[in-house]
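[1] When you get a sec, could you give me coordinates for this:
(one chain, ligands or ions: 1)
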Amino acid sequence: MRIAWVLGVGIVFSSGSSAREPTFCRDVAPIVFKHCVSCHRPGQVAPFSLLTFREVKKRASLIRQVVESRSMPPWKPREGYGDFADSRRLTDAQIGVFRRWIELGCPEGSPRDLPPVPEFPGGWQLGRPDVVLKMDRPFMVPAEGSDIYIHFVMPLQIPPGYYLKGIECRPSNPRVAHHAVAIFDHTGTARKLNHAAGGRGYRNAGGPGFVPLSLFPIYVPGRTPRFFPTKAAMPIPPGTDFVLEMHYHSIGKEEVDQTEIGLYLTRQPPTRSMLGVMLSSAEIDIPPGESRYVISDHFELPVDLWADSVWPHMHLIGKEVRAWAELPDGWVERLLWIDDWDFNQQEVYRFRKPIRLPRGTIIRAEWRYDNSEKNPQNPARPPRRVRHGEGSEDEMAVLWLSGEVANESQRQILIQANVDHAWGLMQRGVEFKKGR
Ligand code: HEC
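    Numbers count the residues shown, from 1 in each chain. Purely as a prediction, here's the structure:
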């Protein structure tokens with residue numbers, strides 16, 4: 001890595017060619033192994049493997065295009081706006097290595113320089129789970145057709161006194177499994193929706209079809225599963241159902257998937273809570289053709305919060321989302337900015353270091369939608385009016401900021417503020433709809 005970096009700087013910033021010229025084995029392979037093969041290897045989501053010299057060389061010019069345009073590796077947040085732990089972004093120097101190597105005609109170099117090819121052990125990455133849930137039968141993904149969003153409802157039986165400390169999701173077929181979301185439902189709604197749909201999973205593209213207790217992405221291609229932050233285990237009330245939202249993608253031939261979920265439990269009660277602040281708006285009514293429809297929300301923190309991750313959510317015609325925090329001393333903390341939203345690349349973005357937001361901080365979020373014909377992601381041709389809702393045809397505006405508070409009383413204060421905020425949002429949403 002280090003060599004590639006030094007060399008890349010030499011290429012980018014010096015006019016002379018005193019730096020060693022890059023070879024595959026010494027300079028390119030370390031970048032590809034670190035940043036590409038988590039997805040580009042046999043059986044994974046990407047359409048071809050990049051594990052060997054020949055495989056990389058064969059696609060060299062396409063690779064140059066996608067790394068220069070930064071469409072690969074997939075990474076949405078804009079550089080310099082929020083600082084994230086798992087950034088996949090290549091440095092300018094790394095892009096320079098690809099460029100120069102391809103200009104030189106893709107020299108292989110000496111196999112002695114080749115780092116070990118990374119290994120991807122099968123099995124559970126987090127160790128043996130305490131509870132394994134499995135889709136009760138394989139799901140068939142047809143060869144062709146639009147993406148499928150389907151919810152499988154699995155009853156949970158967590159013994160009292162246990163808390164959830166982690167979830168691992170293992171699709172049996174990562175070529176078609178695009179992403180997965182875990183939803184906890186203690187209201188019985190998912191169960192009813194499933195029953196109404198015949199008991200084999202119910203379809204709904206924009207979300208589970210109701211507002212759940214909690215939900216979070218558990219599977220994103222190329223991402224290693226992780227335990228919840230230390231000490232932040234989650235209680236699971238009796239009667240809760242686990243709802244597995246799967247997003248499948250056809251690949252030109254019929255495929256089946258039967259995803260397994262591993263739940264990891266602990267008896268250690270949480271000493272802190274993963275607590276979120278939810279910003280949102282139901283005041284969405286986007287006329288057809290409108291390309292810059294902007295809505296916003298804000299939330300004033302009643303207690304200090306150490307924010308550790310942010311999760312934005314919109315549906316298909318969402319284009320841009322930005323969040324920032326205005327601290328009482330006037331400092332503006334930039335949290336996240338995505339300006340080419342892609343519904344299929346949703347992630348929880350974890351900050352490199354928790355961000356301290358003192359009481360009195362105002363958190364702001366802004367969402368933009370493009371309901372014009374020019375938006376290639378717009379499923380409606382011609383565009384039609386789009387309103388707030390859970391369905392695939394509707395839009396949503398959500399941003400969760402998760403973090404930690406100092407103690408139980410602060411936690412209660414923040415929960416109440418969230419409830420009040422959500423209530424206000426709902427009422428304004430209802431008024432807004434009436435006025436239309
Ligand atoms: C997180 C998973 C992931 C990572 C990491 C990743 N890719 Fe991809 N790549 C994909 C997927 C999925 C596709 C298929 C196209 C799509 O769905 O966007 C793809 C497509 C491509 C394509 C074809 C683009 C086209 O227009 O046909 C190239 C070239 C490519 N990737 C190169 C790379 C390189 C080089 C890296 C590392 C520097 C990389 N990718 C890292 C998932 C990934």
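[2] Please spell out which residues along the host helix or strand of Gln412 are buried.
    Assessed by DSSP states H and E, Gln412 sits inside helix 408-434. Across helix 408-434, burial judged by 16 or more other C-beta atoms under 10 Å covers 410-411, 414, 417-418, 421, 425, 429, 432. C-beta here means a position set from N, CA and C on the backbone, and glycine is covered the same way.
[3] so whichever residue of the stretch 151-300 of the chain sits closest to the ligand, which of the three states?
    Residue nearest to the ligand within the stretch 151-300 of the chain (C-beta to the nearest ligand atom): Gly222, separated by 3.0 Å. At Gly222 the chain is in coil, as set by DSSP: H, G, I helix; E, B strand; the rest coil.
[4] Just give me how far the helix or strand where Val132 lies sits from the chain centre.
    Using DSSP H and E, Val132 sits in strand 131-134. Strand 131-134 sits 23 Å away from the centroid of its parent chain (C-alpha atoms, centre = their mean, to the nearest Å).
[5] List the neighbouring strands of it plus their orientation.
    Next to strand 131-134 in the sheet, as set by DSSP bridges, lie strand 260-266 (antiparallel).
[6] What lies in contact with the strand it pairs with?
    Contact partners of strand 260-266, identified using C-beta atoms under 8 Å, 6 or more residues apart in numbering, comprise 124, 126-135, 154, 156, 158, 162-170, 172, 182, 218, 227, 233, 242, 244.
[7] From those, list just the buried residues.
    Among these, those classed as buried by neighbour count (16+ other C-beta under 10 Å) are 129-131, 133, 135, 156, 158, 162-170, 172, 182, 218, 233, 242, 244.
[8] Tell me which of those fall in strands.
    Counting by DSSP state E, the buried ones among the contacts of strand 260-266 place 131, 133, 163-170, 182, 218, 242, 244 in strands.
[9] Which two among these are spaced furthest apart?
    Across these, the longest distance by C-beta to C-beta is 21.9 Å; it joins Tyr163 and Arg170.
[10] Sketch out the low-pLDDT regions of the stretch 301-436 of the chain for me.
    Applying pLDDT under 70 to the stretch 301-436 of the chain flags the ranges 390-392.
[11] show me the contacts for the residue most central in space within the chain.
    Nearest to the mean C-alpha position of the chain, by C-alpha atoms, centre = their mean, lies Glu347 at 1.0 Å. Contacts for Glu347 (C-beta under 8 Å, 6+ apart) come out as 76, 217, 220, 223, 311.
[12] and if you look at Leu414?
    275, 277, 301-303, 305, 405.
[13] most surrounded residue in those?
    Greatest neighbour count in those, by other C-beta atoms under 10 Å, goes to Leu305: 27 neighbours.
[14] Could you tell me the per-residue confidence at the residue of the stretch 151-300 of the chain closest to the ligand?
    On pLDDT, Gly222 comes in at 76.
[15] Pretty sure it sits against Arg41.
    No - Gly222 lies out of contact with Arg41 (C-beta atoms under 8 Å); the separation is 10.1 Å.
[16] Give me every residue in the stretch 1-150 of the chain lying close to the ligand.
    35-36, 38-40, 45-47, 59, 62-63, 66-67, 72-74, 88 (C-beta under 6 Å from any ligand atom).
[17] now with 8 Å?
    Proximity of the stretch 1-150 of the chain to the ligand, by C-beta under 8 Å from any ligand atom, involves residues 31-32, 35-40, 44-48, 50, 56, 59, 62-63, 65-67, 71-74, 88, 90, 94, 98.
[18] Then the stretch 251-400 of the chain?
    Asn344.
[19] residue in the stretch 251-400 of the chain nearest to the ligand?
    For the stretch 251-400 of the chain and the ligand, the shortest gap (C-beta to the nearest ligand atom) falls at Asn344, measuring 7.6 Å.
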